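Chemist: model the structure of this input:
(one chain, ligands or ions: 1)
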Amino acid sequence: GKGGYRHFMQKEIFEQPAVIGDTLTSYVDPLKRRVALPEVSCDLGNLPRLTISACGTAYIAGLVAKYWLEQIARQPVEIDVASELRYREAPLPEGGAALFISQSGETIDTLAALRYAKAEGQHILSVVNVPESIIARESNAVLPTLAGPEIGVASTKAFTTQLVVLACLTLAIGRAKGSLTANREAALSEALLEVPQRAAEVLAMDAQFIGIAQELAEARDVLYMARGSLYPLALEGALKLKEISYIHAEGYAAGELKHGPIALIDDLVPVVVCAPSGPLLTKTLSNVEEVVARGGRVILLSDAEGLAQASDGVAHRIELPKVDPFVAPILYALPVQLLAYHTAVAKGTDVDQPRNLAKSVTVE
Ligand code: M6R
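Modeler: So this is what the prediction gives:
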């Protein structure tokens, strides 16, 4: 059942501190402050390339992983949506590995991309939530998410647990390649271990999102923007909003704004910005200025330090807990989920069974 919640999606959003914690328990040794992956049967220190592929929200998790793997582990990554990878006949390097991400483990395009990569001689890894699924069975090694059953069509807890597993994979590859010192691995592991507590703090702010959602529910279009490892969260925020509220939404890399999307800005277009403090904060805030100067209504998600530097013209400020920039993409998933959820509730749409969508897409 829904355990007292109004929708499965809401229940699943609120389960995140617990299921992130469960997933961390099976991947991080809290005493040694280092990750311990299941046996992956390939040399993670020696991959010429990791090819990542998935669909929808699982693809967006993979995009965050690309930022982490390249920046932190110095691992070259290629990523593509599965419906493209399966047909574009990309050459995959000898000795490479390919990683597929899927909540259901049944998505047809992801499975087809997996089979293509296998035929290209890649070692097949997968991050799945259903361990007996076909994608799990056809993989050389499986890194499970411990999200428990996800019923809502809009993926929430599967996404954040995928991110946790991918963060741990990043640390494991970084260690194997010698890109990460033991101290740095310990610091990043600690940042991960703090996520359940910080996520609970965000959920305690739930009421703050309801008023803003009333405003979003009136909009015809909503833009999302962010930079770096938060950029995929702009895509995820937009995808969640479209799926369940049917409002047109687009996510952009903030630096792309002046290459086109800024033409859309007027006082009717809300712009949700994910900008935690960190090396890219000032760059993102200068994009916020550009939006404000054109009358755009900015909803700024940041921490106290980031908000203190933001323009007075920002319409709404949401103060999130400050975390290590490494784990910010995990934490910022929650506010974008809550915004989409409350907007859909305000519009009265069918949150758990949005029109035209299926929980698992087993036909092309
Ligand atoms: O089961 P999978 O993770 O392979 O599903 C992939 C996508 O179909 C899925 O993430 C979809 O985009 C969700 N409805 C997003 O909320």
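
Chemist: check contacts around Leu235.
Modeler: Ile60, Leu63, Tyr224, Gly251 (Cβ atoms under 8 Å, 6 or more residues apart in numbering). (Glycine included, C-beta is placed from N, CA and C.)

Chemist: would you turn the residues you listed into TSV with secondary structure and neighbour count?
Modeler: Listed next are these as TSV, based on DSSP: H, G, I helix; E, B strand; the rest coil; neighbours: other Cβ atoms under 10 Å:
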residue	secondary structure	neighbour count
Ile60	helix	30
Leu63	helix	20
Tyr224	strand	28
Gly251	strand	24
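
Chemist: which of those sits closest to the ligand?
Modeler: Using Cβ to the nearest ligand atom, the shortest approach to the ligand within the contacts of Leu235 belongs to Ile60, at 8.0 Å.

Chemist: quick check: the closest one touching Leu230?
Modeler: No: checked against Cβ atoms under 8 Å, the pair Ile60 and Leu230 is beyond contact range at 11.6 Å.

Chemist: pLDDT wise, what is the residue nearest the centre of the chain at?
Modeler: For the chain, the residue nearest the mean C-alpha position is Ala61 (4.2 Å; Cα atoms, centre = their mean). Looking at Ala61, its pLDDT reads 98.

Chemist: just to revisit the earlier point, Ile299: which of the contacts of Leu235 is nearest?
Modeler: Nearest to Ile299 among the contacts of Leu235, counting by Cβ to Cβ, is Tyr224 at 9.3 Å.

Chemist: for the nearest residue to that closest one once chain neighbours are set aside, give me its contacts.
Modeler: Of all residues not flanking Tyr224 in the chain, Ala234 sits nearest, at 3.9 Å (Cβ to Cβ, 6 or more residues apart in numbering). By Cβ under 8 Å, 6+ apart, Ala234 lies in contact with Tyr224, Met225, Ala226, Gly251, Tyr252, Ala253, Ala254, Val272, Cys274.

Chemist: the residue nearest to Lys2 when sequence neighbours are not counted and Val195, how far apart?
Modeler: The shortest distance from Lys2 to any non-neighbouring residue, by Cβ to Cβ, 6+ apart, is to Lys11 (5.3 Å). From Lys11 across to Val195, the span is 19 Å (Cβ to Cβ, to the nearest Å).

Chemist: same question, Ser126
Modeler: Plainly put, Ser126 is 23 Å away from Val195 if you go by Cβ to Cβ.

Chemist: and for Glu70?
Modeler: Distance from Glu70 to Val195, by Cβ to Cβ: 21 Å.

Chemist: what about the closest residue to the ligand within the chain, neighbour count?
Modeler: In the chain, the residue found nearest to the ligand is Gly56; the distance is 1.9 Å by Cβ to the nearest ligand atom. Counted with other Cβ atoms under 10 Å, residues neighbouring Gly56 total 23.

Chemist: which residues touch it?
Modeler: Under the contact definition (Cβ under 8 Å, 6+ apart), the residues listed for Gly56 are Ser155, Leu239.

Chemist: kindly report the same for Ala167.
Modeler: Ala65, Trp68, Leu188, Leu192, Phe326, Val327, Ile330.

Chemist: what number of residues are in the vicinity of the fourth one?
Modeler: I take that to be Leu192. What Leu192 shows, counting by other Cβ under 10 Å, is a neighbour count of 26.
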